[in-house]
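Engineer: coords please:
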Amino acid sequence: MDRLRGEPALWLAWLMAFAASLAVLFIGEVLGQTPCSLCWFQRAFMFPLAVLLGLGLWWRDLTVGRYGVVLALAGAAVALWHLALYAGLIPERIQPCAATGPSCTDANQMILGVPIPALAVLSFIAIAALCALSRKTVPA
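Structural biologist: Numbering: from 1, shown residues only. Purely as a prediction, here's the structure:
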């Protein structure tokens, strides 16, 4: 576990954020799936993660992990809300996607049989964990 601390953990976090950003762009732009409103909010946290972590690595600023943790946990909260909507745990009257735009809970929210919100939750939590792990070896 010590080998993952510091810069390698940040590289993995950046790689995950970058891959997730490319994946949602592919889903939207190539596959033509219009994102729901909660997907847009999740993108609003994932895209800056890719940029922020990438710049931190470019400038060799290993303290960037602290900002990555905050962004990733906020994104995970939105993705968890989306997953609860998808699973039917949240009543329809308070669903943000029910009135206008694409549905947050339809069959288009699946990739390879896995709900996109579940993939987003896992990605955000993994990125937050890697960013937190990177902070273990960096002096405050």
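
Engineer: Could you find the closest non-adjacent residue to residue 12?
Structural biologist: residue 130 (5.2 Å; CB to CB, 6 or more residues apart in numbering). For every residue, glycine as well, the C-beta is placed using N, CA and C.

Engineer: Give me the neighbour count for the one you found.
Structural biologist: Using other CB atoms under 10 Å, residue 130 has 26 other residues around it.

Engineer: Tell me the confidence at it?
Structural biologist: With respect to pLDDT, residue 130 scores 95.

Engineer: again, but for residue 117
Structural biologist: 88.

Engineer: Please spell out which residues along the strand or helix carrying it are buried.
Structural biologist: Using DSSP states H and E, residue 117 sits within helix 116-134. Neighbour counts over helix 116-134 (16 or more other CB atoms under 10 Å) mark 116-128, 130-134 as buried.

Engineer: For residue 20, see how far away the residue nearest to residue 12 is.
Structural biologist: 13 Å (CB to CB, to the nearest Å).

Engineer: got a list of what residue 47 touches?
Structural biologist: By CB atoms under 8 Å, 6 or more residues apart in numbering, residue 47 lies in contact with residue 21.

Engineer: now residue 16
Structural biologist: Residue 16 neighbours (CB under 8 Å, 6+ apart): 123, 126-127, 130.

Engineer: measure it to residue 43 for me?
Structural biologist: For residue 16 relative to residue 43 (CB to CB), the value is 15 Å.

Engineer: again with residue 124
Structural biologist: Counting by CB to CB, the gap from residue 124 to residue 43 is 12 Å.
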